[in-house]
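Student: A predicted structure for the sequence below; I have some questions about it.
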Number of protein chains: 2
Amino acid sequence: MSVNDKWMLPEGIDELLPARAAGLETLRRDCLDYLASWGYQLVEPPLLEYLDSLLSGMGQSLDLQTFKLIDQQSGRMLGLRADMTLQAARIDAHRLQRDVPVRLCYCGPVLHTLAEKFAGSRNPFQLGAELYGSADLSADAEIIRVMLGVLQRASLGQVWLELGHVGVFRAVVEAAGLAAATALDVFADLQRKDPSALEAAISDGQVSAELGARLLSLLELNGDASVLARARAQLGDLPDVADALNDLERLVAMIRAFDGGCQIHIDLAEITGYHYYTGPVFSAYIEGQGDAIAKGGRYDNVGAAFGHSRPATGFSTDLKHLTGIVMPPSKAAVRIYAPALDAIDDELAQRLSALRAEGAVVIHRLEGSSAQARAMDCSQEIVRRNDSWSIINVIE
Amino acid sequence: MSVNDKWMLPEGIDELLPARAAGLETLRRDCLDYLASWGYQLVEPPLLEYLDSLLSGMGQSLDLQTFKLIDQQSGRMLGLRADMTLQAARIDAHRLQRDVPVRLCYCGPVLHTLAEKFAGSRNPFQLGAELYGSADLSADAEIIRVMLGVLQRASLGQVWLELGHVGVFRAVVEAAGLAAATALDVFADLQRKDPSALEAAISDGQVSAELGARLLSLLELNGDASVLARARAQLGDLPDVADALNDLERLVAMIRAFDGGCQIHIDLAEITGYHYYTGPVFSAYIEGQGDAIAKGGRYDNVGAAFGHSRPATGFSTDLKHLTGIVMPPSKAAVRIYAPALDAIDDELAQRLSALRAEGAVVIHRLEGSSAQARAMDCSQEIVRRNDSWSIINVIE
């Protein structure tokens, strides 16, 4: 590696220079304060853990996303966190061990071995909130409410909420006695608009014609809340489907209760995270962004891996991505150029402290530097005039 | 790994539960705001980089501390940051490329393969500030000033400042024409109170008796500012030593100018980071902690590896360690228990928003949960009484 490319970062790994880092910091504080006001307490899980802990019950996709390394101290395999959700669940289940509902949030960098999409980030800055200990839909509604609140803080304009329920797909497949893995393969092909896998599965008897028709119908069941009625007509004979649809109906009503104007899109074919989610799933979209900007869902009993099974629901988002869409406004602090540190008397020292406390940025001249106030981006300068210190405007 | 130990974290890796995470967040904001008021702009370097970039010119000890992994995307070796100093230097040298002084700060988790001491942390939360583009001591003085300011925010009480200068040891060794590696070995043995290596080096002619005497004298040159005069008497015949001592004398005067009561300890045998530092080095200590709680120094020209050589000085500390010594006071927000989200009318919704905006934490009851306000750590509850919403105190 020559001098000329030592500065290069790996593909998909980026860093934030002052303007964007300040934007991220502003949004981070704003979101954490907001979540705190709803009772979500910040936790700080570690960047790495034993791989078994980090992946417990999370399925293959997280495994593939997780960087592995060997712990020199124990010789055991470690993983770098690719997602903080399970870490928070471990903290709830093992460290806190409370019986009442617990609300946690977290915010920090995570790493992915491979970007999820072309030119995607491999080092998102994940912010999330999780609610443990309630199996009720009011918990999912609250998580959706705070997810929308967080996105509102990012000034992204109109947000669309997409709602699904993994119980619908699960019930359809289970009613047909089909292995989930087979069903997922067939369904993934269907979602890619490739019916040949389904046709093959029907012709070799793996999938009944009835199940085939139901899987196909799921693909059509997306749109506004009227989808629920259509789904009930087509699939409501399966009791578990009917239950899931009732859940979604109640959830939509709850969301309408706190946000009458919320744009809700139902998608019963949404099965991302099927291995992991156990109930309602939700994503947030904005115009111009093909991928969800935040997502979450119900994932009951993940805590069982840590000895304390708990219902749970939560969401997460990538704050760095959000600041890339709309840059949060930064505080417009006045920047004042001041004499070198060793040329400052007590009177000026007190005045500078006061200016800093009021929010000003005071930049000291450095001996031997010829930089003038303008070059240091200062609009004001503090100078000694007529035996006193005066703040003067810097002439353009 | 059984259910019973999936919650275990690797040795030396810890995480923060709500109370301490809140303390860290408070201190983090306070320190970053303070640094911003001195003109230090936050940057957000990535958790990992190509290993060559991460270690450029940093010597073997950082190499040993750095976790390595293979980038699946490029096949190249990556390193997890064990220190953010060089990342910031890369940003100054390559990304910003300014000719005027630049002040940067950073704050985030880093990882070490091995703890620096028994039961030490392998995942510190590093906060640091760096000043690029000034070779003058006023820059070192400013960095020391803000280091002390940051520590003041952590409410640690009396801080002792230890000052050294790698130029003293370097000049002594260079004047004797000795290879630095040999000298370092001999000196390390001397610091461990083992004179046998020096005796052996003198008897086989590697080290002259004169150099031997000087190396031994360095070990005695520590104490208050009077050490400088003693050093001048013993070693001042070497011009580079005299220069370094003059530097330290001026630095002490500058520090006294802004902090007359500062406890300063001079140690001319302090050569930690000898490969890396080029001038004054400094550490901060408090009573009851054997190791430095913050440290830094001048490291000119590290930016050369990134194509833009710049004088530089900076410091860093571990905020997590600091919050472990003295827990920052947390905001004592009132916690109010509120009805379930779907039982809230517009009037109450507005009232809850206002309460949250004023700093209260509002916790919603969840349907199906029997938890009462007390169990949710709420001292107040909002209830419907006589056709209006009232806040009542929760009875103990």
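Tutor: Yes, it's here.

Student: how's chain A carved up into domains?
Tutor: When chain A is parsed with automatic domain parsing, its domains come out as A:7-325, A:335-393.

Student: tell me the most buried of those?
Tutor: Comparing those by mean neighbour count (mean count of other CB atoms under 10 Å in any protein chain shown), domain A:7-325 comes out on top with a mean of 19. Heads up, the C-betas are built off the backbone N, CA and C, glycines and all.

Student: before we move on, the earlier item: could you export the domains of chain A as TSV, including mean pLDDT?
Tutor: Conversion of the domains of chain A to TSV gives the following (pLDDT from 0 to 100):
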stretch	mean pLDDT
domain A:7-325	91
domain A:335-393	93
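
Student: now the ones you listed in JSON lines, with distance to residue B:52?
Tutor: JSON lines is the format used below for the domains of chain A (distance: least, CB to CB, whole Å):
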{"stretch": "domain A:7-325", "distance to residue B:52": "9"}
{"stretch": "domain A:335-393", "distance to residue B:52": "31"}
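
Student: Which one of those lies nearest to residue B:33?
Tutor: domain A:335-393 (9.0 Å; CB to CB).

Student: end-to-end on that closest one?
Tutor: 11 Å (CA to CA, to the nearest Å).

Student: Run the chain-centre distance for stretch A:27-36.
Tutor: 13 Å (CA atoms, centre = their mean, to the nearest Å).

Student: quick one: it near chain B?
Tutor: Yes: contact between stretch A:27-36 and chain B is present through A:29, A:32, A:34, A:36 (criterion: CB under 8 Å from any CB of the partner chain).

Student: Could you do stretch A:345-362 as well?
Tutor: Yes: Stretch A:345-362 lies within reach of chain B by CB under 8 Å from any CB, at A:349, A:356-357, A:359-362.

Student: got the residue ranges for the helices in chain A?
Tutor: Shown for chain A, the helices assigned by DSSP state H span residues A:18-37, A:51-55, A:60-65, A:85-90, A:137-153, A:166-175, A:180-191, A:196-203, A:209-220, A:227-235, A:239-258, A:319-325, A:346-357.

Student: what is the most centrally placed residue in chain A paired to in the beta sheet?
Tutor: When CA atoms, centre = their mean is applied to chain A, the residue found nearest the centroid is residue A:317 (1.6 Å). Beta-bridge partners recorded for residue A:317 (DSSP bridges): residue A:127, residue A:294.

Student: residue contacts, it?
Tutor: Going by CB atoms under 8 Å, 6 or more residues apart in numbering or on different chains, residue A:317 touches A:126-128, A:147, A:150-151, A:284, A:293-295.

Student: again, only using 7 Å
Tutor: A:127, A:150, A:293-294 (CB atoms under 7 Å, 6 or more residues apart in numbering or on different chains).

Student: Return the closest of these with respect to residue A:210.
Tutor: Closest to residue A:210, out of all of the contacts of residue A:317 and judged by CB to CB, is residue A:294, at 36.7 Å.

Student: closest one to residue B:369 among the domains of chain A?
Tutor: Residue B:369 sits nearest to domain A:7-325 of all the domains of chain A, at 5.5 Å, using CB to CB.

Student: What backbone torsions are found at residue A:122?
Tutor: Backbone geometry at residue A:122, expressed as degrees, to the nearest 10, gives phi -100, psi 0.

Student: Next one: it relative to chain B, how far apart?
Tutor: Distance of residue A:122 to chain B, given as CB to the nearest CB, to the nearest Å: 8 Å.

Student: check contacts around that residue.
Tutor: Applying CB under 7 Å, 6+ apart, the residues near residue A:122 are A:12-13, A:111-112, A:115.

Student: Can I get these in CSV including distance to chain B?
Tutor: As requested, the contacts of residue A:122 are exported to CSV (distance: CB to the nearest CB, whole Å):
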residue, distance to chain B
A:12, 7
A:13, 5
A:111, 6
A:112, 10
A:115, 8
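
Student: Identify the farthest-apart pair in those.
Tutor: Of all pairs drawn from the contacts of residue A:122, the widest gap by CB to CB lies between A:111 and A:115 and measures 11.1 Å.

Student: Kindly provide the distance from residue A:330 to residue A:361.
Tutor: With distances taken as CB to CB, to the nearest Å, residue A:330 is found 12 Å from residue A:361.

Student: typo on my end, residue A:134
Tutor: From residue A:134 to residue A:361 the distance is 45 Å (CB to CB).

Student: Likewise for residue A:15?
Tutor: Residue A:15 is 22 Å from residue A:361, by CB to CB.

Student: Same check on residue A:379?
Tutor: 10 Å.

Student: now swap in residue A:37 and tell me
Tutor: 29 Å.

Student: In the stretch 151-300 of chain A, which residue sits nearest chain B?
Tutor: At 4.6 Å from chain B, residue A:254 is the closest residue in the stretch 151-300 of chain A, using CB to the nearest CB.

Student: Contact partners for the residue nearest to that residue when sequence neighbours are not counted?
Tutor: Closest residue to residue A:254 apart from its sequence neighbours, by CB to CB, 6 or more residues apart in numbering or on different chains: residue A:141 at 3.9 Å. By CB under 7 Å, 6+ apart, the contact list for residue A:141 reads A:251, A:254-255, B:341-342.

Student: how about a cut-off of 10 Å?
Tutor: A:250-255, A:257-258, A:280, A:313, B:340-342, B:364, B:366-367 (CB atoms under 10 Å, 6 or more residues apart in numbering or on different chains).

Student: From the residues you listed, pick the one nearest residue B:97.
Tutor: Of all the contacts of residue A:141, residue B:97 sits closest to residue A:313, with 47.2 Å by CB to CB.

Student: Quickly list what that closest one is bridged to.
Tutor: Listed by DSSP bridges, the beta-bridge partners for residue A:313 are residue A:131, residue A:298.

Student: Next, show the common contact partners of residue A:379 and residue A:361.
Tutor: A:334-337.

Student: can you tell me which of these are in strands?
Tutor: A:335-337 (DSSP state E).

Student: chain center to stretch A:45-57: distance?
Tutor: 18 Å.

Student: and if you look at stretch A:307-323?
Tutor: 6 Å.

Student: Likewise for stretch A:232-244?
Tutor: Distance, centroid of stretch A:232-244 to centroid of chain: 31 Å (CA atoms, centre = their mean).

Student: The spatially closest residue to residue A:64 that is not a sequence neighbour: what's it in contact with?
Tutor: Leaving aside its sequence neighbours, residue A:64 sits nearest to residue A:113 (CB to CB, 6+ apart; 6.7 Å). Residues near residue A:113 by CB under 10 Å, 6+ apart: A:12, A:63-68, A:80, A:82, A:122, B:69-73.

Student: same check, this time on residue A:38
Tutor: Contacts for residue A:38 (CB under 10 Å, 6+ apart) come out as A:103, A:105, A:129, A:131, A:142-143, A:145-146, A:149, B:352, B:356, B:361-364.

Student: Apply 7 Å and report the result again.
Tutor: A:146, B:362.

Student: give me phi/psi at it?
Tutor: Phi and psi for residue A:38, reported as degrees, to the nearest 10, are phi -100, psi 0.

Student: contacting residues around residue A:373?
Tutor: Residue A:373 neighbours (CB under 7 Å, 6+ apart): A:337, A:381, A:394.
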